[in-house]
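> Fold the following, please.
(one chain, ligands or ions: 1)
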Amino acid sequence: MNNTLKLISFDLCPYVQRARIVLNEIGLKHEVEYIDLKNKPDWFLRLSPTGKVPVLSTKEGVIFESSVISEYLNEVGSGKLLPDDPFLRATHRSWIEFGSGMLGKISQLYNAKTEVDFEMTRKSLQADLARVISDVQSPFYHGEKFQMIDAVYATIFRYFMVFESRYKIKIVESGIENLDWSKKISGRDSVQKSIKEDYYDRLDEFLLSRSSFISTLRFEAK
Ligand SMILES: N[C@@H](CCC(=O)N[C@@H](CS)C(=O)NCC(=O)O)C(=O)O
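Residues are numbered from 1 along each chain as shown. Model prediction:
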């Protein structure tokens, strides 16, 4: 079945990246088809009940929602990306949900029109991150093994890297570059191969195109 997997994607989507990291980690052969979310093809709208990516097309049919896709891939790929112990597995799922909530706040941050709204969301993200970090058992979230939860936070840290390198925005006081967990997961092959080469420039363009408060924090005008 491996070579029949196709991930329908949008190049900047962190939920797509989550599924791709899982595919890469497990080593499942797959194709990626990028679509333009501003101009969704009819065939995509017929496949996707939510109109959102990622959608995974398999020989048996389609699956949507990144967490569901990731869990399915982990199961069919005999992956070990979640703990065996039911309680620990549930805690990972809880913190994966928390990570999805952080992605929602990141979107609020880059869409915030005023400094007050921006700063409120930035502080909330800062507190969320501090809370997650307090549970990390390095080098990865849960010790020596890279797991699904690391894939989720890898996609979050990418935003923070762009916020720090191109904008005057800090989510981690000491710098995301100095956070060991982030360094460890960002350097991972599966993580690096989950994005296109021009990802950082494209994300930067996307952020500026919001015409929101974040544009005023860019290091140098484009
Ligand atoms: N809960 C969904 C969220 C996916 C999502 O928000 N995808 C965005 C791109 S990052 C999307 O397709 N947006 C298109 C739209 O809302 O029209 C998941 O985890 O898969």
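> CA atoms for contacts and neighbours, from now on please.
Noted.
> What parts of this structure come near the ligand?
13-15, 37, 51-54, 65-67 (C-alpha under 6 Å from any ligand atom).
> Is residue 130 in a helix, a strand, or coil?
helix (DSSP: H, G, I helix; E, B strand; the rest coil).
> related to what we said a few turns ago, among the residues of the chain next to the ligand, which two are most distant?
Farthest pair in these (C-alpha to C-alpha) is 37 and 67. Separation: 20.0 Å.
> Can you give me the domain boundaries for the chain?
Split into domains by automatic domain parsing, the chain comes to 2-76, 86-217.
> my guess is residue 26 meets residue 75, correct?
No: taking contacts as C-alpha atoms under 8 Å, residue 26 lies outside contact range of residue 75: 10.1 Å.
> Provide a complete list of residue ranges assigned to helices in this structure.
14-26, 42-47, 66-76, 86-111, 115-133, 148-166, 180-186, 189-192, 199-208 (DSSP state H).
> Turn those helices into a markdown table, columns for mean neighbour count and mean pLDDT.
Output for those, formatted as a markdown table (neighbours: other C-alpha atoms under 10 Å; pLDDT from 0 to 100):
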| stretch | mean neighbour count | mean pLDDT |
| --- | --- | --- |
| helix 14-26 | 24 | 97 |
| helix 42-47 | 12 | 96 |
| helix 66-76 | 18 | 97 |
| helix 86-111 | 16 | 98 |
| helix 115-133 | 16 | 97 |
| helix 148-166 | 22 | 97 |
| helix 180-186 | 18 | 96 |
| helix 189-192 | 17 | 97 |
| helix 199-208 | 16 | 97 |
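> a markdown table for those helices, including distance to residue 6?
Converted to a markdown table, the helices of the chain look like this (distance: least, C-alpha to C-alpha, whole Å):
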| stretch | distance to residue 6 |
| --- | --- |
| helix 14-26 | 10 |
| helix 42-47 | 12 |
| helix 66-76 | 11 |
| helix 86-111 | 23 |
| helix 115-133 | 32 |
| helix 148-166 | 19 |
| helix 180-186 | 24 |
| helix 189-192 | 17 |
| helix 199-208 | 20 |
